[in-house]
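[1] Need coordinates for the below:
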Amino acid sequence: KAGAAAVEARPAPAPVPPGPRSLSGLPVEDGSGGIPEHIGYAAPPAGYSGLRGKALRAAADKHLYPTRTQVMQAIPKHCFQKDTARSMMYAAISTVLTFGWAALGAAFLPMTWAWAPVWAVHAFISGTFATGMWVAAHECGHGAFSDNKRLQDVVGYALHTVLCVPYFSWQRSHHVHHLYTNHMEKGETHVPYVADSHHGKGNYAMKNILGEDAFVLVNQVFHLVFGWPAYLLSGATGGSEYGLTNHFVPVKPFSDGLFPTETHKKKVWISAAGVLAVIGALTFASTKVGFLPIFLLYVLPYMACNFWLVLYTWLQHTDVDVPHFNGDEWDWVKGTFMTIDRPYGPVLDFLHHRIGSTHVAHHVAHTIPHYHAKEATEALATAFPHIYLYDPTPLHKALWRVSRDCVAVHQHDDQYVFHPTDKTF
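    Take a look at the predicted model:
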């Protein structure tokens, strides 16, 4: 957000030379959309987000993109410095909050139906705390936690495993996600469905049958409740390049597209063993204390943590006027700068280590520790104001818009653009 403020405070940029701004099959913005800066460019069929078409303009005016070297040079060098003690402190804060909150619930809240609403709130807060642990482990997976690689992997494996996340498996698939952001075939996670594909047609049919509001709610349940397990077990929303993948079983009947080497496969098995041990421990505990305490103190918070995880990643890489690319039209700089920063506020920024408000910088350089990410964000926003994306839309409104209108994409020249219905192409 601070980076966005820095951009908004700058004088209006000088006009840029015109490029190939229109896209075949789409009308050209004539000003009627209320976005004067987008006049002459292709009008997005699903409307405008708070980005006001900025990503589409950047994709059209290809000369705006710097080289990867220029991008890296814009970030102060000290932003890459890791402080192990500081990283451990933030991981410890998240862990203490998570387990401390669970202990308070277990000690003081009766496990009865009369207290069900209180337990629902307790579980959501617990899962919100646990997301901080998730993000700390995510930082370990990226090599942004410590220069001590052994310590880094021990911490990451421990934190992710206790949350039933296969640490090394996810580390690999997430690395691929960073390599090919917004690539239609090689991208990994939240790759949109193509309009004329089986899934794309299914999405449109479901929206036509249910109606807009019901479709939004169903879409949110699919993503925010079932999305994370579906991704781990079947590679849901992953790129077509990798086939049917599984983060616990890297061999047939699943594809090994994400885990091609024996080293990758070995690490998948190590990750799976840790998660299996946690599930076994929870199962054993349920035989001693009953299922209800496990459900209230682990399962519900686990679902809340998954909610945050998918919410962040969905909104970081999806919106109505943010295109995707394929083949030679994609490159790393263009794809990376299609990532979106959003306003999460000081509380969530603290609890979740700024994962949502500094995600552009994280995609540019994933080895930057989160405590330097704000400064890196400001540097990128200042150096590249025409391509840095920050959407000030409140989260609930952004989520509704994305859930409603980002149904499937249709190819227009070198870009894949969202269409809200099958009647707009």
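[2] okay, now Thr112: neighbour count?
    Neighbour count for Thr112, taken as other Cβ atoms under 10 Å: 9. To be clear about C-beta, it is placed using only N, CA and C from the backbone, and glycine gets the same treatment.
[3] ok, so what distance separates the nearest residue to Met72 once chain neighbours are set aside from Pro253?
    In space, and not counting its chain neighbours, Met72 is closest to Ala365: 6.7 Å by Cβ to Cβ, 6 or more residues apart in numbering. Plainly put, Ala365 is 37 Å away from Pro253 if you go by Cβ to Cβ, to the nearest Å.
[4] who has more neighbours, these two?
    Ala365 (19 against 7).
[5] Report the contact partners of Lys334.
    58-59, 62, 65, 182, 325 (Cβ atoms under 8 Å, 6 or more residues apart in numbering).
[6] which one is His199 nearest to, not counting chain neighbours?
    Going by Cβ to Cβ, 6+ apart, His199 has Tyr193 as its nearest residue, at 4.2 Å.
[7] So, low pLDDT: which residues of the stretch 151-300 of the chain?
    Along the stretch 151-300 of the chain, the model assigns pLDDT under 70 to no residue.
[8] all helices in it, in order from the N-terminus.
    167-179, 198-210, 212-224, 227-234, 262-289, 291-294, 300-317 (DSSP state H, counting those that start in this stretch).
[9] Quick check: which of the ones you listed is nearest to Asp147?
    Nearest to Asp147, of all these, is helix 167-179, at 17.3 Å by Cβ to Cβ.
[10] between the closest one and helix 227-234, what angle do the directions make?
    In terms of direction (axes from the mean of the first three to the mean of the last three Cα atoms, to 10 degrees), helix 167-179 departs from helix 227-234 by 100 degrees.
[11] show me where the protein has strands.
    408-412, 415-419 (DSSP state E).
[12] from the ones you listed, which stretch is densest packed?
    strand 415-419 (a mean of 24; mean count of other Cβ atoms under 10 Å).
[13] From the rest of the structure, what touches that one?
    So strand 415-419 is contacted by 23, 26, 42, 44-46, 56, 59, 184, 192, 194-195, 320-321, 323-326, 329, 405-411, 425 (Cβ under 8 Å, 6+ apart).
[14] These in helices, which ones?
    56, 59, 405 (DSSP state H).
[15] How about the contacts made by the last one?
    What that stands for is Asp405. Taking Cβ under 8 Å, 6+ apart as the criterion, Asp405 is in contact with 46-47, 320, 418, 420.
[16] rewinding a little: would you mind measuring from the residue nearest to Met72 to Gly143?
    Distance of Ala365 to Gly143, given as Cβ to Cβ: 11 Å.
[17] Could you measure from the most centrally placed residue in the chain over to Thr283?
    For the chain, the residue nearest the mean C-alpha position is Thr313 (1.4 Å; Cα atoms, centre = their mean). The gap separating Thr313 from Thr283 is 29 Å, by Cβ to Cβ.
[18] So for stretch 109-122, what gets flagged as buried?
    For stretch 109-122, the neighbour count (16 or more other Cβ atoms under 10 Å) marks 119, 122 as buried.
[19] Just give the nearest non-adjacent residue to Val333, would you?
    Going by Cβ to Cβ, 6+ apart, Val333 has Tyr65 as its nearest residue, at 5.1 Å.
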